[in-house]
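1. fold the stuff below for me.
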Amino acid sequence: MSTITSIATRRDHTWVQRAACAGTDTPDRFYPLPDQAEETRAAKALCGNCPVSDECLTEALETNDRYGIRGGLVESERIVLHRLSTVGRWEEDRVVAALNGRAVHLSRQEKHSVCVVAAILDLDLRIWAPVLGIGRKRALTRVREARAQLDAQPVLLRREQRIAAAFSPEATAVAA
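-> Okay, the predicted model is just below:
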């Protein structure tokens, strides 16, 4: 099997050093319990004045961070935002990043494209399946379905074929 040569770079995390919460003596304040409304309000207020709250929120959404207050939002608020932000979205860079094993928050269309390109290039599922949050058995099923779709309706999958053609697959050693 092979993997795609990465054109998507890993995210820059230098913003963390500029965060309002960086170096705080009580980092637990950003992990209040559900019944701690006052503590939650105080942590959100600190995030509201943070110069990098957008970067923090983006990181939380892309890594599916389910704990604490990130970017001024608690998990239940981030879940709603995550769902709204992925409806109908399709970005090639996100698909390529997922194929390279980078955790990104993908729309349903982008997840389908990952499976199709993985089927076209016979990519190692140990790299891309964890990004989709699926196991080996489900990944193999998705690849079989994608191959059947390619055989039946190749014209409908032009963007996936373009992604696959744009990159030369390179064999790489994958840690077992």
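
2. from here on, just use CA atoms for contacts and neighbour counts.
-> Fine.

3. Phe30 is in contact with Ala43, isn't it?
-> Yes. Using CA atoms under 8 Å, Phe30 is in contact with Ala43, at 5.8 Å.

4. any shared contact partners between these two?
-> Counting by CA atoms under 8 Å, 6 or more residues apart in numbering, the residues touching both Phe30 and Ala43 are Ile69.

5. quick one: pLDDT of the residue nearest to the spatial centre of the chain?
-> Nearest to the geometric centre of the chain sits Val104, at 1.4 Å (CA atoms, centre = their mean). As predicted, Val104 sits at a pLDDT of 83.

6. any idea how far Cys47 is from Arg41?
-> Separation of Arg41 from Cys47 (CA to CA, to the nearest Å) stands at 10 Å.

7. so which of the two has more stuff around it?
-> Applying other CA atoms under 10 Å to Arg41 and Cys47 shows that Cys47 carries more neighbours, namely 23 against 13.

8. give the contact list for the more buried one.
-> Residues near Cys47 by CA under 8 Å, 6+ apart: 20-21, 53, 70-72.

9. which one among the residues you listed gets closest to Asn64?
-> Taking CA to CA as the measure, Arg70 is the one of the contacts of Cys47 closest to Asn64, at 10.9 Å.

10. about what we covered before: next, count neighbours for the nearest residue to the residue nearest to the centre of the chain once chain neighbours are set aside.
-> Spatial nearest neighbour of Val104, excluding adjacent residues (CA to CA, 6 or more residues apart in numbering): Glu62 at 4.4 Å. Counted with other CA under 10 Å, residues neighbouring Glu62 total 14.

11. got it, and Ser53?
-> Ser53, neighbours per other CA under 10 Å, totals 22.

12. next up, phi/psi of it, please.
-> phi -60, psi -30 (degrees, to the nearest 10).
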